[in-house]
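Trainee: Quick one: sequence and predicted model below, then my questions.
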Amino acid sequence: MPKVFFTQPDGSEVVVDGQPGDSVMRTAVRNGVRGIVGQCGGALSCATCHVFVAEDEYDRYAPVSSDEDEMLDCAATDREPTSRLSCQLQLTAGTDVHVTVPPEQL
C-alpha cells in the first residue's frame, strides 16, 4: 500500500495510507489532510489541490497537460518547477509519494 507524505506549510508532516489507483487529492480529502481542498472533486477545473512534488519523484508522473498547466497558473500560491495538481497524481502499488502543501489554496 503506498503512503503519501504531506509536508504542511509549518513543516509538520502528515502520513496517510493510500490505495493504488486513487489520486493524491482523493487520499488527502478522504483523510482530512489540512490544506488540500479539492473543490472540483478532481475534474481539473480548479487549483485547490495544488502541491509541490518532491524533486526526485516529479518525473514518475505523466507530463503536465495543457489543462493542468492553465489551472496551475490560477493557483493561489505561485507555482514552482515541481508544482502539480494532486488530482492528477495517481498512486501506484509500492510507491510512496512526498508532496508539500502550499500555504494557500483559495
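Mentor: The structure has been received and is ready for your questions.
Trainee: Using the three-state scheme, assign D67.
Mentor: helix (DSSP: H, G, I helix; E, B strand; the rest coil).
Trainee: quick one: buried residues of stretch 13-27?
Mentor: Residues of stretch 13-27 classed as buried by neighbour count (16 or more other C-beta atoms under 10 Å): 14, 16, 18, 22-27. The C-beta positions use only the backbone N, C-alpha and C, and glycine is treated the same way.
Trainee: now, which of those lie within helices?
Mentor: Among these, the residues falling in helices (DSSP state H) are 24-27.
Trainee: Test my guess that R34 contacts Q8.
Mentor: Yes. Between R34 and Q8 there is a contact at 6.4 Å, judged by C-beta atoms under 8 Å.
Trainee: Which neighbours do these two have in common?
Mentor: Taking C-beta atoms under 8 Å, 6 or more residues apart in numbering as the contact rule, R34 and Q8 both touch 14, 101.
Trainee: Which residues are in contact with the residue nearest the centre of the chain?
Mentor: For the chain, S86 is the residue whose C-alpha lies nearest the centre (C-alpha atoms, centre = their mean; 2.6 Å). The neighbours of S86, taking C-beta under 8 Å, 6+ apart as the test, are 23-25, 28, 36, 38, 49-51, 99.
Trainee: One more pass at 10 Å, please.
Mentor: The contact partners of S86, by C-beta atoms under 10 Å, 6 or more residues apart in numbering, come to 4, 6, 23-29, 33, 36, 38, 42, 48-51, 53, 97, 99, 101.
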